[in-house]
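# Below are the sequence and a predicted model for it; my questions follow.
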Amino acid sequence: MAKVISTNFRIHNAEQFVEALSETSATNLYMFIGGPVVWPDEAVPPSPSDSVANTSYAHWRDMISAKKLDGSDVSHIIKKYNWTTNTAYTAYTDTNATLYSNTFYVVTTSDHVYKCVQNNINSGNSTSQPTGTSTKIIETDDGYKWKYMYTISPEDKLKFVTTDYVPVQKVGSVDDGSNQFNVEDISIDGAIDIINKTANGTSFLFNEGVLASVQNTSVITLAASANTTDGIYVNSTVYITNNASRGEQSVISAYDGAQRRATLANAFSVLANTSSGYQLAPTANVNGDGSAAKARCVGNSGTQVTKIEITKVGSSYTTANVTVYGNASHGSGATGTVIIGPPGGHGSNAPMELGGYYVIVNARLSGNEDSKFATSCDYRKVGLLRDPKQYSNVEAFFTGAQADQTFTLTLTGVTGTFGYPPSTANDEVIYQGGTLGSSTANGTFVDFRDGNKIRITDVLGTFVANSTVNTITGNTSGGTATVSTIATPDMKRYSGEILYIENRAAITRSEDQLEDIKLVLEF
């Protein structure tokens, strides 16, 4: 059975993930760190396994700490394509099934993001960086046309930009004062912004000049350079290029060659005058299921159509074509392809239009994070955890800002220095009862605090306090102590769902360190 998972589906899933952190009953999402024990090869962290044994259990056991995230800590992202001169960029088309695997948008040095809507079909290379934040299509000197989409804010740049990705978002209906809101606000569903000329044709007639006289909004006299053959310009289109009636266009329905007088099929809405410049060219007729789109042909000094320009984008098109024709006595062979804008129009929904099926999660760790995070212990795992439960009440979700996932043993009678020597501190096993091989409980050293508290993770067995077997020993340091009390982790182990895990080279922490952790998720 033939099927396809659409890009829209992937973007929808990304949207659901982002929205889940901002809803009234928001998901409780935590970024966690773990893995204090060195890898077999520290230079090559092993690939995580998605087995139940790992995802559901193992990562919980060596978890050290966790920090809660909210809607401000996540963003849609797209791949980062910096504009580079003399590079060919793919132009958006509504029929390109591989659009999102091509470079069809760019990020400029001003942190503006532009979508390519038409490339230079002659050489294909872009040599002029797009600039400006106009809501209209921006044309550069190299023949490219671009749509300004949005600007990456300094705050988002700091938080969500990486070497390979940049953030993307939709502003929505509330005016935030941004240029992106203006772009979204004026976007038109089913608009036609581009027609690609696919064949020049031949033997067409063109004329350009200033109107010699204007009788009324329906009758005009062309310049002295116009052809004097009766009816020669019937079915051609006259377009006013400047001054009074600028931007008006109409098909010629009758032409008196001797007088160079053209009668228009549809009257101009504004009266032209003898300062009004015009261009006369074959007619480009847009046909489709929408309405009001208009186009015009532009020619060279010969008899060929060099491009077809949209003069009115129209609306509600899902399919359309263009027909180029002049008088039946001359001109044939010019063709073009109509490019339908995305649903909502170009710029209406940047994540959807640019392939925002990636999400970035940003978590910042500052020092010990209210004493929940160890600063003398390195870690090698970073992950995401959804909706964990409380250790003390498994019927309730844990919602704290941070979580300490170690077991904290308060000690008396301490001898030696746990976690020594430093080179093996994070690998030291703390055990209780007998020898390491016959112990009743053991766990991995995390840190030693206040001279009488040791924190451990990856606990196997059950440590006990105030018992005849409550002496603990460090297998590398030789330190010993008696356990007086035991504090359990904040979150119930094996509750909630681990959504993401990433193995990394060791990250060493310190009290004055700020860590900016960015996790990229692809849907």
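In hand now; what should we look at? All values derive from a computational prediction rather than experimental measurement. Numbers count the residues shown, from 1 in each chain.
# nearest spatial neighbour of the residue lying farthest from the centre of the chain, skipping sequence neighbours?
When each C-alpha in the chain is compared with the mean C-alpha position (CA atoms, centre = their mean), Ala258 comes out farthest, at 60.6 Å. Nearest non-adjacent residue to Ala258, counting by CB to CB, 6 or more residues apart in numbering: Thr228, 6.2 Å away. (Each C-beta comes from the backbone N, C-alpha and C, glycine too.)
# pretty sure Glu184 contacts Lys170?
Yes - contact criterion CB atoms under 8 Å: Glu184 and Lys170 qualify, at 7.1 Å.
# hmm, back to that, the residue farthest from the centre of the chain in helix, strand or coil?
coil (DSSP: H, G, I helix; E, B strand; the rest coil).
# the strands in the stretch 301-450 of the chain, which residues?
Taking DSSP state E, counting those that start in this stretch to define them, one finds strands in the stretch 301-450 of the chain at 305-312, 320-325, 332-340, 358-366, 379-386, 402-404, 407-415, 429-432, 441-449.
# Now tabulate these in CSV and tack on mean neighbour count, mean pLDDT and distance to Ser276.
Below are these laid out as CSV (neighbours: other CB atoms under 10 Å; pLDDT from 0 to 100; distance: least, CB to CB, whole Å):
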stretch, mean neighbour count, mean pLDDT, distance to Ser276
strand 305-312, 18, 96, 16
strand 320-325, 19, 97, 24
strand 332-340, 19, 96, 26
strand 358-366, 20, 94, 51
strand 379-386, 22, 95, 64
strand 402-404, 22, 96, 71
strand 407-415, 17, 95, 85
strand 429-432, 23, 94, 90
strand 441-449, 23, 93, 81
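# now these as CSV including distance to Glu522?
Below are those laid out as CSV (distance: least, CB to CB, whole Å):
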stretch, distance to Glu522
strand 305-312, 36
strand 320-325, 34
strand 332-340, 28
strand 358-366, 5
strand 379-386, 13
strand 402-404, 27
strand 407-415, 35
strand 429-432, 37
strand 441-449, 32
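# so which of these gets nearest Val52?
strand 379-386 (15.5 Å; CB to CB).
# tilt between the closest one and strand 441-449?
100 degrees (axes from the mean of the first three to the mean of the last three CA atoms, to 10 degrees).
# Within the sheet, what are the partner strands of strand 379-386, with directions?
Taking DSSP bridges as the criterion, strand 379-386 forms sheet pairs with strand 29-34 (antiparallel), strand 497-507 (antiparallel).
# which helices and strands sit right next to the first helix or strand past the last one going along the chain?
Just to be clear, that refers to strand 497-507. Helices and strands here follow DSSP states H and E; after strand 497-507, the next one along the chain is strand 514-522. Here strand 514-522 touches strand 358-366, strand 379-386, strand 497-507, going by 3 or more CB pairs under 8 Å, 6 or more residues apart in numbering; DSSP states H and E.
# rerun that using 6 Å as the cut-off
In terms of contacts (3 or more CB pairs under 6 Å, 6 or more residues apart in numbering; DSSP states H and E), strand 514-522 is packed against strand 358-366.
# what lines up beside the strand it packs on in the sheet?
When DSSP bridges is applied, strand 358-366 pairs with strand 74-79 (antiparallel), strand 514-522 (antiparallel).
# worst average pLDDT in those?
Lowest mean pLDDT within the strands paired with strand 358-366: strand 514-522, at a mean of 92.
# which residues sit in contact with the closest residue to Ser510 other than its chain neighbours?
Nearest non-adjacent residue to Ser510, counting by CB to CB, 6+ apart: Thr375, 5.5 Å away. Contacts of Thr375 were listed using CB atoms under 6 Å, 6 or more residues apart in numbering, and they are Asn368, Arg509, Ser510, Glu511.
# Now the two most distant members of these.
Using CB to CB, these span at most 9.7 Å, a distance reached by Asn368 and Ser510.
# neighbour-wise, which of those two wins?
When neighbours are counted by other CB atoms under 10 Å, Asn368 comes out ahead of the other of Asn368 and Ser510, with 19 against 10.
# Can you check the pLDDT for that one?
So, for Asn368, pLDDT stands at 88.
# Need the phi and psi values for the nearest residue to it once chain neighbours are set aside.
Once flanking residues are discounted, Asn368 sits nearest to Thr375: 5.1 Å by CB to CB, 6+ apart. Note on Thr375: backbone dihedrals following degrees, to the nearest 10 are phi -110, psi 0.
# how far away is Thr375 from Ser65?
11 Å (CB to CB, to the nearest Å).
# now swap in Ser47 and tell me
24 Å.
# Of these two, which one has the most company?
Ser65 (29 against 7).
# for Glu208, what are its contacts?
Gln279.
# Over to it. Which of the three states is it?
strand.
# domain ranges for the chain?
As recorded under automatic domain parsing, the domains making up the chain are 194-340, 406-487.
# will you turn those into a markdown table that also has distance to Tyr30?
Below are the domains of the chain laid out as a markdown table (distance: least, CB to CB, whole Å):
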| stretch | distance to Tyr30 |
| --- | --- |
| domain 194-340 | 43 |
| domain 406-487 | 15 |
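# worst average pLDDT in these?
domain 406-487 (a mean of 90).
# now that domain: how far from the chain's centre is it?
Taking the mean of its C-alpha atoms, domain 406-487 sits 47 Å from the chain's own mean (CA atoms, centre = their mean, to the nearest Å).
# Out of the contacts of Thr375, the closest to Ile138 would be?
Of those, the one sitting nearest to Ile138 (CB to CB) turns out to be Arg509, at 47.0 Å.
# Pull the number of nearby residues for the closest one.
20.
# and it, what is it in contact with?
Thr375.
# measure it to Thr408 for me?
Separation of Arg509 from Thr408 (CB to CB): 18 Å.
# again, but for Gly201
82 Å.
# Helices along the stretch 151-300 of the chain, start to end?
Secondary structure of the stretch 151-300 of the chain (DSSP state H, counting those that start in this stretch): helices located at 154-160, 179-186.
# and these as JSON lines, adding mean neighbour count?
Output for these, formatted as JSON lines (neighbours: other CB atoms under 10 Å):
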{"stretch": "helix 154-160", "mean neighbour count": "15"}
{"stretch": "helix 179-186", "mean neighbour count": "18"}
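# what's the closest of those to Gly344?
If we rank these by CB to CB, the stretch that ends up nearest is helix 179-186, at 8.3 Å.
# Quick check: end-to-end length of stretch 138-157?
The first and final residues of stretch 138-157 sit 24 Å from each other (CA to CA, to the nearest Å).
# same thing with stretch 56-75?
26 Å.
# hmm, who's touching that stretch?
Outside stretch 56-75, the residues that reach it (CB under 6 Å, 6+ apart) are 18, 21-22, 29-35, 160, 167, 359-363, 372-373, 379, 401-405, 446, 457-458, 493-494, 498, 501.
# one step back: distance of the residue farthest from the centre of the chain from Asn227?
For Ala258, the distance to Asn227 equals 11 Å [CB to CB].
# Likewise for Lys79?
53 Å.
# Then Thr488?
94 Å.
# Likewise for Gln513?
Counting by CB to CB, the gap from Gln513 to Asn227 is 79 Å.
# Then Asn285?
Asn285 is 22 Å from Asn227, by CB to CB.
# what does Ala320 give?
On the measure of CB to CB, Ala320 and Asn227 end up 31 Å apart.
# any idea which helix is longest in the chain?
When the chain is parsed with DSSP state H, its longest helix is helix 7-19.
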